[in-house]
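S.K.: sequence? don't have it. structure:
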């Protein structure tokens, strides 16, 4: 197996290197050929960012390694070109990192790690399977709805990490391939996670950068996502119509399972749910309290650690530290690129493409984000787009058209496009990558093409529905 995998890995690296070389030719050769005088640091920033996107898409290395390597490269380039002074470099790097996002993710990871110890997610899986009584379509609706709703309040990557192994175990009893259900849950998690501030990493980034609170996400994106999710269930039924006709085995064996036996510690469950509900309640009112979401999440994590007397060493081992490091490296890369002026160049190009028309800019951000997020991880793409949207919001045409609104609709456009667009391909979202990894680990590999056949049309249709609903909502509010 390893010998057979080497040629594929070498081929993948060769293709990735060729794409990076093509980007280098475009970035460094085209502007001078068009008579454009662009500072070398801007070109280098664009090249490093494009290279990172390619490396992440082809998974040359672990994404945290790629992000750190990119951060080091862009800092060295900034020092060499004088964009950042050496004596100011440490302060600049510290200032570029969004600690609100890091703290929010860390706090929620700790809370969920303790909650998972109670066995509640295994309980849900068995309970859902019994409720379906062997009807696979009914089971898909139950699992996808639970995954989508849970992803609104727990990071969707964590939801997938907890739910997919349960799904695999249930379908091992049924003797039916779990692949369609794993795919459906991953797609549903990205849709559901788009509705709230804490549901999907792109929203955490947007909320922190634009000062958008939990309530605003629910109010502005909630209805759009609810309609998109309802439509997505019928899409899934159509796309998996053949798989849903499979004959279920050992149903009687499953019906005899005692789901309560999976609840390992009801005391921990009650305390975890109480703290989680309290944290969500504080998220709802944090705007009026003027407390950052990271403080609430970390505070909740601290309280839960104390009242459950959980072992910190054990809990901290469950924290996804590579993801936090990935975010840190990403913030540094985008911060240096923005400081160099790359974002300003991109924003001028975007304004030129739309002619300053606010509705064209609104539609462009949704679809550009959706298509791009299908082929590169939506987290780095969102991080790159945030300063661009900030600049677009400052233009006279856009601020004039949307000036009466407290929050610019361009932020909702970015969130919708980046979150739903991540469903387009296997590499479009972190939840998708994690789901495919767990599925392969359990002997059910999901190929890039298999995902593309389902995910891309699913993405196009849900984004189209979301665009119409969100545009109507914005139009009625203007």
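M.R.: The structure has been received and is ready for your questions. This structure is a prediction, so every number in the text was calculated from the model and none was measured.
S.K.: So which bits of stretch 427-446 are buried?
M.R.: 427-436, 438-439, 442, 446 (16 or more other Cβ atoms under 10 Å). All C-beta spots, glycine's among them, are computed from the backbone N, C-alpha and C.
S.K.: ok, now stretch 67-83?
M.R.: When neighbours are counted by 16+ other Cβ under 10 Å, the buried residues of stretch 67-83 are found to be 67, 68, 69, 70, 71, 73, 74, 75, 77, 78, 81, 83.
S.K.: Now find how far off-centre it is within its chain.
M.R.: Distance of stretch 67-83 from the chain centroid (Cα atoms, centre = their mean, to the nearest Å) equals 26 Å.
S.K.: about what we covered before: right, and out of the buried residues of stretch 67-83, which lies closest to residue 356?
M.R.: residue 83 (29.0 Å; Cβ to Cβ).
S.K.: and after the helix or strand containing residue 208, which helix or strand comes next?
M.R.: Per DSSP states H and E, residue 208 falls inside helix 201-210. Sequence order places helix 214-239 as the next helix or strand after helix 201-210, per DSSP H and E.
S.K.: Could you tell me the average pLDDT over that following helix, please?
M.R.: What helix 214-239 shows for mean pLDDT is 94.
S.K.: Remind me what the helix or strand containing residue 147 packs against, helices and strands.
M.R.: In the assignment (DSSP H and E), residue 147 maps to helix 136-153. Other helices and strands packing on helix 136-153, by 3 or more Cβ pairs under 8 Å, 6 or more residues apart in numbering; DSSP states H and E, are helix 120-132, helix 156-174, helix 179-193, helix 214-239.
S.K.: try it again with 6 Å
M.R.: Under the contact criterion of 3 or more Cβ pairs under 6 Å, 6 or more residues apart in numbering; DSSP states H and E, helix 136-153 touches helix 120-132, helix 156-174, helix 179-193.
S.K.: Compute the inter-axis angle for the last one and helix 156-174.
M.R.: Taking axes from the mean of the first three to the mean of the last three Cα atoms, to 10 degrees, one finds helix 179-193 and helix 156-174 inclined to each other by 150 degrees.
S.K.: circling back to that earlier point, how many degrees apart are the helix holding residue 147 and helix 120-132 in direction?
M.R.: On the basis of the same axes, to 10 degrees, helix 136-153 is oriented at 150 degrees to helix 120-132.
S.K.: Which residues belonging to helix 136-153 are considered buried?
M.R.: 136-137, 139-153.
S.K.: quick check: mean pLDDT across that helix?
M.R.: Here the average pLDDT along helix 136-153 is 92.
S.K.: now do stretch 422-436
M.R.: So the average pLDDT for stretch 422-436 ends up being 81.
S.K.: Could you work out the end-to-end span of it for me?
M.R.: 14 Å (Cα to Cα, to the nearest Å).
S.K.: what's the closest non-adjacent residue to residue 360?
M.R.: Nearest residue to residue 360, sequence neighbours excluded (Cβ to Cβ, 6 or more residues apart in numbering): residue 354, at 4.0 Å.
S.K.: ok, back up a step: rebuild the buried residues of stretch 67-83 as CSV, extending it with distance to residue 18 and pLDDT.
M.R.: Formatted as CSV, the buried residues of stretch 67-83 follow (distance: Cβ to Cβ, whole Å; pLDDT from 0 to 100):
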residue, distance to residue 18, pLDDT
67, 22, 87
68, 24, 93
69, 20, 93
70, 19, 92
71, 25, 93
73, 20, 94
74, 22, 93
75, 27, 95
77, 23, 94
78, 27, 93
81, 27, 91
83, 29, 89
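S.K.: wait, which of those is closest to residue 61?
M.R.: Among those, and counting by Cβ to Cβ, the member closest to residue 61 is residue 69, at 7.6 Å.
S.K.: gap between the closest one and residue 76?
M.R.: Separation of residue 69 from residue 76 (Cβ to Cβ, to the nearest Å): 11 Å.
S.K.: Count residues in the vicinity of the nearest residue to residue 130 once chain neighbours are set aside, would you?
M.R.: Leaving out its chain neighbours, the residue that sits closest to residue 130 by Cβ to Cβ, 6+ apart is residue 255, at 6.0 Å. Neighbourhood size, residue 255 [other Cβ atoms under 10 Å]: 12.
S.K.: do residue 337 as well
M.R.: As a burial measure, residue 337 scores 25 neighbours (other Cβ under 10 Å).
S.K.: Name the residues of the strand or helix carrying it that are buried.
M.R.: If you go by DSSP H and E, residue 337 is part of helix 321-340. The neighbour-count check on helix 321-340 (16+ other Cβ under 10 Å) flags 323-340 as buried.
S.K.: And it, how far out from the chain middle?
M.R.: For helix 321-340, the distance to the chain centre is 16 Å (Cα atoms, centre = their mean).
S.K.: any idea which helix or strand comes after it?
M.R.: helix 342-354.
S.K.: and the angle from that next one to helix 321-340?
M.R.: 70 degrees.
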